[in-house]
Each structure stands twice: as structure tokens, then as C-alpha cells.
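In: Predicted model and sequence follow; I will ask about them next.
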Amino acid sequence: MLPYLSVLKRGVENSMKTTGKVSIDSCIGCGICLDECEFLASVCKDGGEIAEKFEIESLKKNPVIPYSCNLCDLCEEVCPEDLNMGDMCWEARRQLVDEGVAPLPPHQTIISDQEWVTSDLFALAQPDLRTDTCKRAFFPGCNLPGYSPSLAFKSYKYLQEKLPGTGIILNCCGAPTYFLGDKSGFMKILKGVESEMNRLGAQELIVACPDCYHIIKHNALHLEIRSIYEVIAEEGIPEEAKTSSTKTFSLHDSCKSRWEKNIHDSVREIVREMGYEIEEMEYSRDETRCCGMGGMVPFINFFLAQKVIERRVKEASTDMLSYCASCRGAFAMLGKPSLHILDLVFNPRWDEDKRCSALKPSDIRENQTKFKNLLLEKQS
């Protein structure tokens, strides 16, 4: 028996009665979600077993289940009853944290990373130093600078040129903490971002990461937020990014942009404006599948995450293109040639770099440090 099982037995049930329990009672046992979700298929044999498996008594027997869900919302998209098992899994995570039995030991790496990217070692907030104003702020998040300091920096310079008065807030949106179920810890991080916006006088936040977009949009309703892809689609791509190539990419939509048609359309417009072709994957836009990294699953159930990644990669008949650094890293783990869309816009060496392997945690932290140093060098 897991050491935190006895504590879990005292928790979750009350909150589940008004969330997951209601959803489970509505399940008709059709099994559609099992066909689409590696996670659900791994814990249920058929549609009729879903209600039984996700009753509170079943979760008590295996509390790792909630942390094995990618929280990608595909179940809600395909369910005839619009049920979302991810919502229930997140609620169970929140209760585990409230009971003091989670985050679990394998999550310590996530906690350490959150502490680092929200500390003065990484965090920074400054106005547009050329105009000494801040009408809006670019929020690259932690993943894009961790993937490529150069892309993050060139993206910022682009925004300053197109939209003078664009400052920058270098921090984390708190999504990893939120996905662990630590809502109070998450709100502390998010309020820190809001505080920096207020200090700078920024009226709008321009984000690069789909996770950041999703988490801020749904938890800071008063903030005006826009994706950098919408901005690039509106303002135009750099001339040097245009090509006469007939290269085709398999475009992967981030699961956290599942219902964000404005982002879907903007990304496709950018790719086509540059001169490339898009292969629409069978599961795209609203029905996109998770890359495998969602919900912090690799830290608690690596083999399940690997199956999700493999399934997604097999759907692509050519090099993959994403607009999420985590997604790009997932595909690179399996050696799949893949790129971030900003590589096509700002990286002239993208054809060589598409085969770069996934970065190690130490590489990511080093890149994050390099990006902050780039910002500090330019202001000195």
C-alpha cells in the first residue's frame, strides 16, 4: 500500500461529490474516450468500467491515477455527454495537496524548477528600454527561453520593432504548480506576474507558450492576453523568413490551445505566408492529441507518456511543426525531426536544427540563464 493512501482515504470524496462524482453518474459507458486516450485505456478495460474506476473508492486504491492524466481535454471534446475526466483528476490532485500527501516524491524536480524560474536567478521585468514605456509586456514563459535563448530574444526584438513600448516579464505562469494541484502555490506565482504588470503599467500580455495562454486566460480573467502568433499574423513576418520552398510540415496543435481558433488560424496563416505547406494531421485543432508532456505525466508515469508521444509521432508523415517548446521536445525525444514555428520565422539554420535531440534539464536551465543575460547585456 502506498504510504499516503491512508490520508487520501480521508480526502477527495467531499469535493468529488460536486465535480467528478456528478460527471461519472452521467457517463453512458460508450467507450469513445477509451479509444482516443492512452491514459483511460490503461486503467479501464471498457466503457462500462469508467464509472467504477473513477469512483472515489477506486481512486483510494490507486491514487497515482489522477497524476497519470495529461489534462488535455480530449475526453470532453469526444464525449457525447461533454464529460471531462481531466477535471476530475485535477480535483483529486488538488485534494491530495490539501491533505498534505502530494506533490509526490517524483514531482520534486518540478518543484525545484518552479522555485528557480520564479527566483531572481531567472525572473526579470523591465519596460521597453528604447522608449522607457510599457504599453504591453512580452511573456516568453520558461519553456521558450529554455528551448532557444536566440528565438526568445529575436521574438522580443520583433515585438519591440512592430509594437514600440513592449516591455518584458521573464517569469513562469505557474502552470506546472497548477497541474500538480497546488492551487495556492499557483495563485502566488500568478499574482507575482500580475504585480509586475501593474508595476510596469502594462495593459496587455503577449505570450509565446500555449500553456501560459491557457493558464492565464482561465485564471486571471481581468488580464488582456494575446498570443505572439496572433501578433505575427497581424503585423507580418520578416522578409527574410519568406521562402520559395515547397516544404511540407505535419502541424501539431498544442492540447492547451484546443479550443483557441484564433491561435490555430494565426499559426497556419504564418506558415503559409512564409511559403511552406501544412499537412493537417488526422487529430488537429479541437480534436488534437496531447504530445505526452501534458499534466506533468512523464514525472510520475514515464512509460505511459512515452506511449502517448509515440502515438502522436506515428500520425505525422513528414517533419513535425509545433508552437509549443515542450511539444517540440517530446517529439525530439523519439528522434522525430521537429521544429518550433518560431524556428521558421527567426532561425535560418532550422533545416539543420530540426534533428537536434531533446534538451536535458541542465541544458534548459543554462539556456534560460543565457536568455536573461542577453536581456541584461542589451540594457548595459
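Out: Cool, got the structure. Numbering: from 1, shown residues only.
In: which SS class is residue 351?
Out: Classification of residue 351 using DSSP: H, G, I helix; E, B strand; the rest coil returns helix.
In: now the residue positioned nearest the centre of the chain: how far from residue 315?
Out: Central residue of the chain (Cα atoms, centre = their mean): residue 211, 3.2 Å from the mean position. Remark: distance between residue 211 and residue 315 (Cβ to Cβ, to the nearest Å) = 21 Å. (Each C-beta comes from the backbone N, C-alpha and C, glycine too.)
In: ditto for residue 251
Out: Residue 251 is 11 Å from residue 315, by Cβ to Cβ.
In: Looking at these two, which is more packed in?
Out: residue 251 (24 against 15; other Cβ atoms under 10 Å).
In: Not counting sequence-adjacent ones, nearest residue to residue 111?
Out: Excluding the flanking residues, the one nearest residue 111 by Cβ to Cβ, 6 or more residues apart in numbering is residue 103, at 6.3 Å.
In: ok, now residue 124?
Out: Leaving out its chain neighbours, the residue that sits closest to residue 124 by Cβ to Cβ, 6+ apart is residue 170, at 4.1 Å.
In: can you give me phi and psi for the one you found?
Out: Taking degrees, to the nearest 10, you get phi -100, psi 110 for the backbone angles of residue 170.
In: Might one say that residue 36 is in contact with residue 73?
Out: No. Using Cβ atoms under 8 Å, residue 36 is not in contact with residue 73, being 11.3 Å away.
In: more neighbours, the two?
Out: More crowded of residue 36 and residue 73, by other Cβ under 10 Å: residue 73, with 21 against 17.
In: what about the residue nearest to the more buried one when sequence neighbours are not counted, distance to residue 79?
Out: Nearest residue to residue 73, sequence neighbours excluded (Cβ to Cβ, 6+ apart): residue 258, at 5.4 Å. Relative to residue 79, residue 258 is positioned 13 Å away (Cβ to Cβ).
In: Likewise for residue 51?
Out: 13 Å.
In: what do you get for residue 157?
Out: From residue 157 to residue 79 the distance is 44 Å (Cβ to Cβ).
In: who's more crowded, those two?
Out: Legend: neighbour count by other Cβ under 10 Å for residue 157 and residue 79, higher for residue 79 (19 against 14).
In: From what I see, the more buried one and residue 34 are in contact.
Out: No. Checked against Cβ under 8 Å, the pair residue 79 and residue 34 is beyond contact range at 10.9 Å.
In: okay, stretch 129-144 in PDB with CA atoms only?
Out: This file holds the C-alpha atoms of stretch 129-144, laid out as PDB (Å, rounded to 0.1, in the frame of the first residue of the first chain):
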ATOM      1  CA  LEU A 129      14.300  50.500 -22.800                       C
ATOM      2  CA  ARG A 130      14.300  52.200 -26.100                       C
ATOM      3  CA  THR A 131      11.100  54.200 -25.200                       C
ATOM      4  CA  ASP A 132      11.200  53.800 -21.400                       C
ATOM      5  CA  THR A 133       7.500  52.900 -21.600                       C
ATOM      6  CA  CYS A 134       5.500  49.700 -21.300                       C
ATOM      7  CA  LYS A 135       2.100  49.600 -23.000                       C
ATOM      8  CA  ARG A 136       2.300  45.800 -23.100                       C
ATOM      9  CA  ALA A 137       4.700  43.100 -22.000                       C
ATOM     10  CA  PHE A 138       6.100  40.100 -23.700                       C
ATOM     11  CA  PHE A 139       5.800  36.900 -21.600                       C
ATOM     12  CA  PRO A 140       8.000  34.200 -23.200                       C
ATOM     13  CA  GLY A 141       7.400  31.900 -20.200                       C
ATOM     14  CA  CYS A 142      10.100  29.400 -19.200                       C
ATOM     15  CA  ASN A 143       9.900  26.800 -22.000                       C
ATOM     16  CA  LEU A 144      10.700  29.000 -25.000                       C
END
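In: Show me how far it is from its chain's centre.
Out: 20 Å (Cα atoms, centre = their mean, to the nearest Å).
In: buried residues in that stretch?
Out: Neighbour-count burial for stretch 129-144 flags 133, 134, 135, 136, 137, 138, 139, 140, 141, 142, 143, 144 (criterion: 16 or more other Cβ atoms under 10 Å).
In: Sitting in strands, which of these do you find?
Out: Members of those lying in strands (criterion: DSSP state E): 136, 137, 138, 139.
In: Now pLDDT and distance to residue 283 too, for the residues you listed, in a markdown table please.
Out: Shown next, in a markdown table, are those (pLDDT from 0 to 100; distance: Cβ to Cβ, whole Å):
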| residue | pLDDT | distance to residue 283 |
| --- | --- | --- |
| 136 | 97 | 34 |
| 137 | 98 | 34 |
| 138 | 98 | 31 |
| 139 | 98 | 28 |
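In: export the residues you listed to TSV and tack on distance to residue 113?
Out: Compiled in TSV, those are given as follows (distance: Cβ to Cβ, whole Å):
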residue	distance to residue 113
136	27
137	22
138	21
139	17
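In: Okay, helices next: where are they in the stretch 201-350 of the chain?
Out: Secondary structure of the stretch 201-350 of the chain (DSSP state H, counting those that start in this stretch): helices at 210-219, 228-235, 261-274, 302-314, 325-333, 341-346, 350-353.
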